[in-house]
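Enquirer: have a look at this fold, sequence not included:
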């Protein structure tokens, strides 16, 4: 069990809900089911599943910062947009860079911008500077794009072609929805696996130590500013890579991806799923999509249903869906244990 | 112990639910003709999207009332695109996955740009109802999309022409426009037309001063208004829309801009501004419009009266927004395409609409074959303050044939404003 304090100082206990073997088995099962999705589901639903994968990675990047390092970014859409517009423009104007290279460069750009912001904000050791600067980044990016005819100004960068990945012996053609979805699934799975490995590594434990008590971590010899900057750079890079995957999937990138509302999406997904869990943002992204999908025919009411559901979840389960499941599991186990105890006491 | 079993049960259930949504792609040849409709029905685009939706519903009702098409009724399947391109793309894919190959959408440019490249992949006909952005019928053109509204170039150059031909004595013009591509383009198209048609009308070339830019959602326009007051301009094009336009006029009135400026052309707020300002409306303002049933040429057009009657029956409201006509026209264009094609198959409907001429509430309507751009009349409403309730009046409707104002077709290539000077 790992325990940590949240922003109010209360303790969040990270107790795995399932054994690692079960989690691993479940992951393989989910991956297999998603790999079959192009043959099973409506193209509209497939498109939404693809968006959910991207949103899940985006939310994971935000939670690395907030849930693991204790830093808040309220303008995370800026990093997402850097990746989306970069990859979209490279593909649209057929710049001769391999697609995988574009994704790497997109992540590098996100990390670079995060580094520049982090150098200014994180040295002040106050989270509000970072939050404000990330919001400013999003605003500035939105302004720059709106003045750039090459990036589609207010109309957006449309008609983005899907890529082909040149391999040694053949080209991997990702132009069809099916092929790109499978690529998306692999890419998002790899990024998620890398983040899981990171937060469970020594570096991840350092991030958590800083989140719990930065002063104590510094006293123990941890270079807090450096690790915060590292976390911010990784978070920005992953968000940009999510954006890079987004552009060829939707085939259009607009200023909708560069505003405060887009920045709230990973926050909502994380809070809905559970900030205290690695899988919380993923569960939140899936839940958000399901709510959206089921309310899509309630014209004009879907936002009310979504908002109401979020309020309900936050009131009923402040630790998110994962936290709620955790509570239910503990309650069931306690009841079971209680019954067993009674039985033992019987003569 | 129970966790693994519960998880597996849950997964099997979820997989079953997903499989249950798998759609039979075989398209029905009988039963109603399903048409997918994607408008912005919530959020900031809702006032526009809802007006389009009402118009399209009325078109379907009228067709169904007269017996349908090919012996089948029209059934509209509506989705809210939320004024968001990704939501619009998801809706189009979902509708296509349900076997619907006839789609109406794009009440705004941002959603149309998402739909346009998708249409061939979905093998669908996509009617773009309201998006006026130039790329739709230029660099994003493909044969599956049809735009049923004039583009920005045609609309705002027509407004410029309409005004300079009616007010040749106004020799100096200026624009106040939002600081963005739409604002820059519409002001440029307006100004270029003013210069061009001032000479064609036999007068001296009008002077068009540098455009003054403002934030699209600003509430304080004192700087821009003072800048206009310090020029020689007597004519104004106002590209600021929505609530911001009303703020602009309220502030402009208090500093005497109404006395200085003889005539104003505005972007398309129309009676929204008139209702808000009433007696405080500028004394001569022209608005991009679509329909006014009480004035010619609509007054004597039975299609217009029928649209009004159906609007009142559907909504209970007696003051229809002009955009209802644009949604109606879009529906009618698609339905007539199906009727002419005698088929609902994508290719047949495309072929039929490329060579189709129909009568609409706004007059004759056709598509330019090369780029599927609508050719129709562009209407402008003259609004003035009035002494009796509702304290404004629409005095007259002017129209300009878009066939005379349309840019050369360059399907697949970006629009070049310099090529139409």
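Expert: Noted; the coordinates are in hand. Predicted model, so just to flag it, every value in this text is computed and none were measured.

Enquirer: tell me which residue in chain A sits closest to chain B.
Expert: Here chain A gets closest to chain B at one residue, residue A:44, 2.2 Å apart by Cβ to the nearest Cβ. In this view, the C-beta of every residue, glycine as well, is placed from N, C-alpha and C.

Enquirer: OK, contacts around that residue?
Expert: For residue A:44, the contacting residues are B:90-98, by Cβ atoms under 8 Å, 6 or more residues apart in numbering or on different chains.

Enquirer: and what of residue A:198?
Expert: When contacts are counted by Cβ under 8 Å, 6+ apart, residue A:198 touches A:64, A:204, A:234.

Enquirer: so the second one, which of the three states?
Expert: With DSSP: H, G, I helix; E, B strand; the rest coil as the basis, the three-state label of residue A:204 is helix.

Enquirer: not counting its neighbours along the chain, what's nearest it?
Expert: On the basis of Cβ to Cβ, 6 or more residues apart in numbering or on different chains, the spatially nearest residue to residue A:204 that is not a chain neighbour turns out to be residue A:198, at 5.3 Å.

Enquirer: pLDDT score assigned to that neighbour?
Expert: Looking at residue A:198, its pLDDT is 97.

Enquirer: which secondary structure element contains it?
Expert: Counting by DSSP states H and E, the element that carries residue A:198 is helix A:177-199.

Enquirer: okay, the contacts of residue A:198 in TSV with distance to residue B:247, pLDDT and neighbour count next?
Expert: Formatted as TSV, the contacts of residue A:198 follow (distance: Cβ to Cβ, whole Å; pLDDT from 0 to 100; neighbours: other Cβ atoms under 10 Å in any protein chain shown):
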residue	distance to residue B:247	pLDDT	neighbour count
A:64	43	96	24
A:204	52	96	19
A:234	45	97	23
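
Enquirer: check which residues of stretch B:185-205 are buried.
Expert: Judged by neighbour count using 16 or more other Cβ atoms under 10 Å in any protein chain shown, the buried positions of stretch B:185-205 are B:185-198.

Enquirer: let me know the secondary structure of the residue of the stretch 301-421 of chain B found nearest chain A.
Expert: Among all residues of the stretch 301-421 of chain B, residue B:414 sits closest to chain A, at 9.0 Å; criterion: Cβ to the nearest Cβ. Three states are possible here, and by three-state DSSP the one that applies to residue B:414 is coil.

Enquirer: which stretches of the stretch 151-300 of chain A form helices?
Expert: Along the stretch 151-300 of chain A, the stretches classed as helices by DSSP state H, counting those that start in this stretch are A:177-199, A:202-212, A:214-219, A:224-250, A:260-273, A:280-294.

Enquirer: give me the distance between residue A:97 and residue A:232.
Expert: Counting by Cβ to Cβ, to the nearest Å, the gap from residue A:97 to residue A:232 is 26 Å.

Enquirer: confirm that the residue of chain A closest to chain B sits in a helix.
Expert: Yes: counting by three-state DSSP, residue A:44 is part of a helix.

Enquirer: for chain A, tell me which of the contacts of residue A:44 show up nearby.
Expert: B:90-98 (Cβ under 8 Å from any Cβ of the partner chain).

Enquirer: including secondary structure, could the residues you listed go into CSV?
Expert: Rendered in CSV, the data for these read as follows (three-state DSSP):
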residue, secondary structure
B:90, helix
B:91, helix
B:92, helix
B:93, helix
B:94, helix
B:95, helix
B:96, helix
B:97, helix
B:98, coil
